[in-house]
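Participant: could you look at this predicted model? Sequence included:
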Amino acid sequence: RQFNSATVVDEEAVEACLKQIATALLQADVNVKIVATLRSNVKKRLELEDGSGINRRKLIQRLVFEELTGALSPESRKPFKPKKGYPNIVMFVGL
């Protein structure tokens, strides 16, 4: 919330945004290591892509989205496919 209302997106605003995201993930029982990895990856990628001329606010939003989707769908696992003849339990979670 504060990130969208900030007039200047500096390091302090980025830290506050990442802290809010990390707090929300930890309250949702996400593993601490995954949250720490997400924060460090966003910071690293922000440093690498910061000078590319893109709006910094949009860049941070895109980086957070990409890191969250990467954490939820790792490449090392195959996507779930229901098996015929077996009970398939799927839990749908909404925010």
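Facilitator: Looks like it came in fine.
Participant: which pLDDT value belongs to the residue positioned nearest the centre of the chain?
Facilitator: Nearest residue to the geometric centre of the chain (CA atoms, centre = their mean): Leu68, 3.1 Å. pLDDT for Leu68: 83.
Participant: chain neighbours aside, what residue packs nearest to it?
Facilitator: Closest residue to Leu68 apart from its sequence neighbours, by CB to CB, 6 or more residues apart in numbering: Leu38 at 7.0 Å. All C-beta spots, glycine's among them, are computed from the backbone N, C-alpha and C.
Participant: same check, this time on Val32
Facilitator: The nearest residue in space to Val32 (CB to CB, 6+ apart) is Leu26, at 6.9 Å.
Participant: residue contacts, Arg39?
Facilitator: The neighbours of Arg39, taking CB atoms under 8 Å, 6 or more residues apart in numbering as the test, are Leu18, Ile21, Ala22.
Participant: now, those that are in helices?
Facilitator: Secondary structure assignment by DSSP state H places Leu18, Ile21, Ala22 of the contacts of Arg39 in helices.
Participant: list phi and psi for Val30.
Facilitator: With angles defined as degrees, to the nearest 10, Val30 shows backbone torsions of phi -80, psi 140.
Participant: how close does it sit to Thr37?
Facilitator: 11 Å (CB to CB, to the nearest Å).
Participant: follow-up on the earlier one: buried stuff in the helix or strand in which the residue nearest to the centre of the chain is found?
Facilitator: Using DSSP states H and E, the secondary-structure element containing Leu68 is helix 56-72. Judged by neighbour count (16 or more other CB atoms under 10 Å), helix 56-72 contains these buried residues: Arg56, Leu59, Ile60, Leu63, Val64, Glu67, Leu68, Ala71.
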